[in-house]
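A.B. asks: please find the sequence and the predicted model below.
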Amino acid sequence: VPAQTLAAIPFVGARQYDAISNVPNWKDWAPRVALVYDVTGTGRTALKYSVNRYNQARTTGIAANYNPLLSQTAQLPWTDVNRDDIAQGERGCSPYPSAGCEINFASLSANFGTAALNEYGNYPRTWNLEHAVEVQHELMPNLSVSAGWWHGDFHNLTTTINQAWSSADYTPYTWYNPVTGTPFTVYARSTAATARPTRNLDTYDPERKDVYESYNFEGRYRIPGGGQVFGGVSIERERYKACTAPDDPNYVSTTAGTYNGQALCDDFKNDIPFRPSFKLSGTKEIIYGINLSVAFQNNSSPVSSRVMTVTRGTTRYPANCPSPCPAGEIIMPTANFGQTTLTYALEPLRATSVERIVQLDFKVSRTFKVDRFTVLPTFEVFNVNNSDAIISYITTNALSTSYLAPNSIMQGRMYGLGLVVRW
């Protein structure tokens, strides 16, 4: 980003920005290594290993993020004191309204005129190192099984720190879980700190972690005379650690705007379960050229957080809040909190999922040939078991009257008829 100088204008004072070089200047290798070993020498058992580095793809967007001179507008109220239809005044004028100070600058952001609020922290590229081990074995003719392990570990994870704030700007305050009544500590930012101009620094946190691991077990059988059966089980989990935040001891989570607090910022210390999934499918010609395909799945649904969202001076504990929770009391007193709202996690964000997706589908088809025409009629049934599992909730905010109310469910059983004609 080159050096830039602009003269003062009514809304913004004179600005001068030094050049920012090497935004970024990365030269990172991305090696890939894979090995395969025939364990018995018969071609029936294969041991596979791979280690790969995947660099985060970034382009010129990084430089654009730190260019302070982007187009920016603001709307301000004004009073035409001298009745000349011209808005007169400049930032810092007083009193408003008066001749020569007809524009009310009170609502104009302290950062107006600087489009990029964040400072480039010369952070290195984020990358992921992935290991994989897999064993494949032919148990008998037409039947093979495999087992695999995958492990991904992210490095140089970035974070944003507001340099205008420090731990001295916060005071501990006790909140209560509205579901269980359990007390926990949140941190109230002072009103003076909240009013300071934002000075965000984009950097990286060497203590931040993101680790993914998965185990897969699969089998495949080729049915004599045509057709096959495939099935498998996978279990996986991802754990995250973000417990370094010199600007906010509430510790923002991977979900923007939601805070973990000290108790939930490290998934490696919390009970984050593996999420299992199971699939079984097969296809076979049963009689008279009729093909039957069946698929069954029992999968983990998306994770679903449990939070409490509080508005300063307004939100109260519910009347049925368990003791020692102070039922009916204002949760976030205006005299204590500079933040206007806070959303706090009540459990680890990856601890709970929506309802499991259990579904059975099947399809019947038959190919007919008439002269040069090929006709393929099909009959399908989706969700044979007519599952009504919840896919999403209206809200997972425990203080809302719509807490855990279903927002969407699986589509019910559906029938389909199809016809494909080729010539």
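C.D. replies: Thanks, I have the structure now.
A.B. asks: what does stretch 200-211 rub up against?
C.D. replies: By C-beta atoms under 8 Å, 6 or more residues apart in numbering, the surrounding residues in contact with stretch 200-211 are 65, 117-124, 126, 151-154, 156-163, 238-244, 268. Every residue, glycine included, has its C-beta placed from N, CA and C.
A.B. asks: just the buried residues out of the residues you listed, in PyMOL syntax.
C.D. replies: The following PyMOL line selects those of those that are buried, judged by 16 or more other C-beta atoms under 10 Å:
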select buried, resi 65+117+118+119+120+123+126+152+154+156+157+159+160+161+162+238+239+240+241+242+243
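A.B. asks: how far does stretch 80-99 stretch from start to finish?
C.D. replies: End-to-end distance of stretch 80-99: 8 Å, with C-alpha to C-alpha, to the nearest Å as the criterion.
A.B. asks: now, the contacts of stretch 200-211 that are in helices?
C.D. replies: residue 65 (DSSP state H).
A.B. asks: surely residue 290 and residue 367 touch.
C.D. replies: No - using C-beta atoms under 8 Å, residue 290 is not in contact with residue 367, being 9.5 Å away.
A.B. asks: and the strand or helix carrying residue 309, which residues are buried?
C.D. replies: Assessed by DSSP states H and E, residue 309 sits inside strand 307-311. Residues of strand 307-311 classed as buried by neighbour count (16+ other C-beta under 10 Å): 307-310.
A.B. asks: do the same with stretch 56-66
C.D. replies: 65-66.
A.B. asks: excluding chain neighbours, what is closest to residue 15?
C.D. replies: residue 6 (4.7 Å; C-beta to C-beta, 6 or more residues apart in numbering).
A.B. asks: my guess is that neighbour meets residue 13, correct?
C.D. replies: No - Residue 6 is beyond contact range of residue 13, at 9.5 Å (criterion: C-beta under 8 Å).
A.B. asks: how near is residue 158 to residue 65?
C.D. replies: Going from residue 158 to residue 65 by C-beta to C-beta, to the nearest Å gives 12 Å.
A.B. asks: distance of the residue positioned nearest the centre of the chain from residue 374?
C.D. replies: The chain has residue 255 as the residue nearest its centroid, 5.7 Å off, counting by C-alpha atoms, centre = their mean. Separation of residue 255 from residue 374 (C-beta to C-beta) stands at 51 Å.
A.B. asks: next: residue 411.
C.D. replies: 31 Å.
A.B. asks: check residue 36 too.
C.D. replies: Taking C-beta to C-beta, one finds residue 36 at 40 Å from residue 374.
A.B. asks: cool, and residue 73?
C.D. replies: 62 Å.
A.B. asks: looking at these two, which is more packed in?
C.D. replies: Taking neighbours as other C-beta atoms under 10 Å, residue 73 and residue 374 compare with residue 374 leading, 13 against 6.
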